[in-house]
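Enquirer: based on what follows, work out the 3D shape:
(one chain, ligands or ions: 1)
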Amino acid sequence: MKNFFQLLAGLLLSIIFINAPLNSNTEDNPYKILRQRMVAEQIESRGVQKKNVLQALLTVPRHQFVPGNQTKHAYEDRPLPIGYGQTISQPYIVGYMTEIINPEPTQRILEIGTGSGYQAAILAEIVREVFTVEIISELGQSAAEHLKRLGYKKINVKIADGYYGWPEKAPFDAIVVTAAAEYIPPPLIDQLKDGGKMIIPVGSPFLVQTLMLVEKNKNKITTRSLMPVRFVPLRKDK
Ligand code: SAH
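Expert: Down below sits the predicted model:
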């Protein structure tokens, strides 16, 4: 009889222990592992170092920002289609662009080209408030709804031509432009705070562009070319 109870207790314990990891195994866990791998192999290994940037990339569920038929590719080392001829940038580029503007918790940041909302979410993990402008209303609306569902309260989405920035909310500590412009839009320079940084791909649409860092110091503008990139074009409003 004693053996029977011992066996029963053992059985119950093993059920508890076998179940425990299953219960804590949230639906996100397989993706968490993919994210860790993405950050280690694609982003940290290429030189992105800032803890708050790496932590944001580990936190934001990138697979929830791509269309259903792309979920399985969400953590691959490349951009992915998000509909309307647009793309979500390669994870490394998102990490690099985020690190270079040096985001801090007190900052307010403007993004041009909301797209899926992924870059905005990465920024919102770090800074105080994010303002993001999207020209395709369907994309902007769905990103806004999606970000709200995921609980991102610090992100404000506006449907407009981002060439003109968001003057009512200016100036910004930093500006991240995620579509390629033929030249740096002057309204964006105006809306940058003194000491602020802007990262923007500049060059001919549909060709290779140059990722540029623009800095404003005592109203003096300096630019630095960083690397060749390929972005979808910054459109002009119809
Ligand atoms: N940052 C996005 C990816 C951007 S793809 C993400 O994380 O998913 C570039 C986006 O810029 C597209 O959604 C495109 O519609 C938008 N875009 C292009 N021209 C624009 C303009 N003039 N103003 C605002 N958004 C623009």
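
Enquirer: I'd like the next helix or strand past the worst-scoring helix or strand of the chain on mean pLDDT.
Expert: Across the helices and strands of the chain, the lowest-confidence element by mean pLDDT, DSSP states H and E is helix 2-24, at a mean of 47. Next along the chain after helix 2-24, taking DSSP states H and E as the criterion, comes helix 29-38.

Enquirer: and that next one, what's buried?
Expert: 31, 34, 35, 38 (16 or more other Cβ atoms under 10 Å). In short, each C-beta sits where N, CA and C put it, glycine included.

Enquirer: any buried residues in stretch 132-144, and which?
Expert: 132, 133, 134, 135, 136, 139, 140, 142, 143, 144.

Enquirer: quick one: whichever helix or strand the last one is part of near the ligand?
Expert: Secondary structure assigned from DSSP H and E places residue 144 in helix 137-149. Yes: Helix 137-149 reaches the ligand (Cβ under 6 Å from any ligand atom) through residue 139.

Enquirer: contact partners of that helix?
Expert: For helix 137-149, contacts defined as Cβ atoms under 8 Å, 6 or more residues apart in numbering pick out 64-65, 82-84, 86, 114-117, 120-121, 124, 132-134, 155, 157-159.

Enquirer: filter those residues to the buried ones?
Expert: 64-65, 82, 86, 114-117, 120-121, 124, 132-134, 155, 157-159.

Enquirer: now go through these and say which are in strands.
Expert: If you go by DSSP state E, the buried ones among the contacts of helix 137-149 have 82, 86, 132, 133, 134, 155, 157, 158, 159 in strands.

Enquirer: what's near enough to touch the third one?
Expert: Put plainly, it is residue 132. Residue 132 neighbours (Cβ under 8 Å, 6+ apart): 110, 111, 112, 113, 114, 117, 120, 143, 155, 156, 157, 158.
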